[in-house]
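Novice: any chance you could fold what I've pasted below:
(chains A and B)
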Amino acid sequence: MSAQAVYVLWLRDMKWFLRAKGRLISTFVMPFLWLAILGMGLGAVIQMPGGGSFIDFLTPGIVGMAILFSATMSGVSVLWDKQFGFMKEILVAPVSRISIMIGKALGGATTSIIQGVMLLFVAALIGARMPGIAGFLIAFLFMIILALGFVSLGLAIASRIGDPVAFPIVINFLIMPLFFLSGAIFPISTAPGWLQTLAYINPVTYGVDGLRGAILGTSQFPLWLDFAVLGLFSLAMILLGAYLFKKMKA
Amino acid sequence: MKPAIETRDLTKEFNGLVAVDHVDLQIEKGELFGLLGPNGAGKTTLIHMLCTILPPTEGTAKVAGFDIHRTPDSVRKAIGIVFQDPSLDGRLTSRENLDFHGRVYGMDKAQREKRIADVLKLVDLEDRAKALVQTYSSGMRRRLEIARGLMHHPKIMFMDEPTLGLDPQTRRSIWDHIQMLNKQEKITILLTTHYMDEADYLCDRVGIIDHGKIISLGKPEKLKDELKGDIVSLEVAQPKKYVEIFQRAKYVKEVTVVKDQLHLTVTGGERTIPKLMEIVTRRGGKVRSVGLRSPTLEDVFIRYTGRGIREEEAGAKEQMRMMVRAHSR
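Specialist: Numbers count the residues shown, from 1 in each chain, chains lettered A, B, ... in the order given. Next up is the predicted model:
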């Protein structure tokens, strides 16, 4: 494995991220609308079961959502690289595929974590409750694991799909249900039984629950369980992504 | 001295279709070698095998002394590649594209900075080094791709159709750069082309490839000399009618029909033309135009394959490629 190659692939993602201001704004606007409009609109009429405001409850869910979507979507860069021929330049270099995959994964994870953190600050501005330093660090850890897992899933899918236009459609089809069934916008504990079952087998549930535990101090599962389930899922996705990326053709 | 490239029985099949057919090829160090052939002849497939992008179905090759099966990473480090299709990152500057390349080839910072300055100078792009590549013309992109291929001091450069889709003036300047690399930087070059004039003008040796096989190999002058004579072309109605008659004439060595023209290989063209025209007139035909020229590589190609190199229409893939190129300008 080549650290130099991992670094330069990451660096390239950072340069794109900083140069594409329009993309940055657009990926940021959607979760912001969810947070501001849903949070304030519904917050006025909703009484949370355990007390506390709806916007406090919603914030970790929307931070998770921002990371979930931007991480998975970052796989599209592989498809544009194929489309514009740059993938050939990457694949003929004397470096292993795994370095390329890890560089790409770290690049996508970094940009989505930046968005998650920025969203957390915006939530603070509109009055959501914020964690202390320790809580913030734990939340940060959950963001990293969540981002790495879903970036890898995005890369795995991208290495199997040739078409950059089809990619977001496939991703939305897959990610939307994961988001809605994760307890990001309503508590799972009060949902009907069948919905609870679906939520329990959804890895995003544990990511959102972990974020909520870190940010608000209250979670449905113990944090170690959230950490274990999400960690195992992400590890599996990284291995899957690495395997499929290795088999990808230029 | 060991050859720069040596292939033995190199073969690639795609679903039963033989793209490269048992090619034995030897290219010496310092040579500027051209693979000449129509689209779909197997040129790109052959290059991709030598660059270790595609595994061969059969046979093997040594590139810069390294086996393509056993030590692909050593092969990759020793070669530079200019692909047929664009392969730059338009959202980075040319300096950043070169820096990316230097890093993935394991060069340290000092090496990279010096080499970037050198290769940019070599292809005359110093003053545009900080502009995003998406603002470049297609000629500048080609030059940058050549510069990038040179970054890690390769011993051998592979160039797949280096002037495809460029205007005549830009082609000239790319040719100058290719020659300079070969003569001044002492880099062995293997290029593919379907332009006769390109192969003739640039290459020390040319291998003519068709249907995956090398059908003729040698210095361009020697290949042309093999035809021994001049080419007279006669434009007549129904040229096929005359083939047999001319084949019987003792001063005509070869007859081929290309569209509505008869190509006759003769000795002493000036003196034979009146005789040839008389034959047509005697049969009640009419010669619309006459041409006399020395043989070109095109004639060599026609002799071996019975057809012109550019007769085939551009396929769907080729059209797509042209669109992508036009788009990325």
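Novice: list the buried ones in the helix or strand of chain A with the lowest mean pLDDT?
Specialist: Within chain A, confidence by mean pLDDT, DSSP states H and E is lowest for helix A:21-33 among all helices and strands, at a mean of 79. Neighbour counts over helix A:21-33 (16 or more other Cβ atoms under 10 Å in any protein chain shown) mark A:24, A:27, A:28, A:31, A:32 as buried. For glycine as for every other residue, the C-beta is placed from the backbone atoms N, C-alpha and C.
Novice: next one: stretch A:7-25
Specialist: A:8, A:9, A:10, A:11, A:12, A:13, A:15, A:16, A:17, A:24.
Novice: CA atoms only for the helix or strand hosting the third one, dumped as CSV, please.
Specialist: Secondary structure here is read from DSSP states H and E; on that basis residue A:10 sits in helix A:3-19. In CSV, the C-alpha atoms belonging to helix A:3-19 read as follows (Å, rounded to 0.1, in the frame of the first residue of the first chain):
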residue,chain,number,x,y,z
ALA,A,3,0.6,6.3,1.6
GLN,A,4,1.6,8.8,-1.0
ALA,A,5,-1.2,7.5,-3.4
VAL,A,6,-3.8,7.5,-0.6
TYR,A,7,-2.9,11.0,0.3
VAL,A,8,-3.0,12.4,-3.3
LEU,A,9,-6.4,10.9,-4.0
TRP,A,10,-7.7,12.4,-0.8
LEU,A,11,-6.1,15.7,-1.7
ARG,A,12,-7.7,15.7,-5.1
ASP,A,13,-11.2,15.2,-3.5
MET,A,14,-10.5,18.2,-1.1
LYS,A,15,-9.5,20.4,-4.0
TRP,A,16,-12.7,19.5,-5.9
PHE,A,17,-14.8,20.1,-2.7
LEU,A,18,-13.3,23.6,-2.2
ARG,A,19,-13.6,24.5,-5.8
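Novice: before we move on, the earlier item: and the next helix or strand past the least confident helix or strand of chain A?
Specialist: Following helix A:21-33 in sequence, per DSSP H and E, is helix A:39-43.
Novice: quick one: mean pLDDT for that next one?
Specialist: Averaged over helix A:39-43, pLDDT sits at 84.
Novice: how far away is residue A:81 from chain B?
Specialist: Counting by Cβ to the nearest Cβ, to the nearest Å, the gap from residue A:81 to chain B is 8 Å.
Novice: how many neighbours does that residue have?
Specialist: Residue A:81 has 22 neighbours, counted by other Cβ atoms under 10 Å in any protein chain shown.
Novice: same deal with residue B:245?
Specialist: 14.
Novice: residue at max distance from the center of chain A?
Specialist: residue A:94 (31.0 Å; Cα atoms, centre = their mean).
Novice: for that one, helix, strand, or coil?
Specialist: Per DSSP: H, G, I helix; E, B strand; the rest coil, the secondary structure class of residue A:94 is coil.
Novice: now do the contacts for it.
Specialist: Neighbour list for residue A:94: B:73, B:76, B:77, B:104, B:105, B:106 [criterion: Cβ atoms under 8 Å, 6 or more residues apart in numbering or on different chains].
Novice: now, those residues that are in helices?
Specialist: With DSSP state H as the criterion, helices contain B:73, B:76, B:77, B:104 from among those.
Novice: just put those residues in TSV and tack on pLDDT.
Specialist: Formatted as TSV, those follow (pLDDT from 0 to 100):
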residue	pLDDT
B:73	91
B:76	94
B:77	93
B:104	94
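Novice: of those, which ones also sit close to chain A?
Specialist: With the criterion set as Cβ under 8 Å from any Cβ of the partner chain, the members of these near chain A are B:73, B:76, B:77, B:104.
Novice: my guess is the third one contacts residue B:105, does it?
Specialist: Looking back up the chat, that one is residue B:77. Yes. Using Cβ atoms under 8 Å, residue B:77 is in contact with residue B:105, at 6.8 Å.
Novice: what about these two, which has more around it?
Specialist: Neighbours were counted for residue B:77 and for residue B:105 using other Cβ under 10 Å; residue B:105 has more, 22 against 18.
Novice: ok, the closest residue in space to that one that isn't next to it in sequence - contacts?
Specialist: Once flanking residues are discounted, residue B:105 sits nearest to residue B:152: 4.0 Å by Cβ to Cβ, 6 or more residues apart in numbering or on different chains. By Cβ under 8 Å, 6+ apart, residue B:152 lies in contact with B:77, B:80, B:101, B:102, B:105, B:107, B:115.
Novice: no further queries at this time; thank you.
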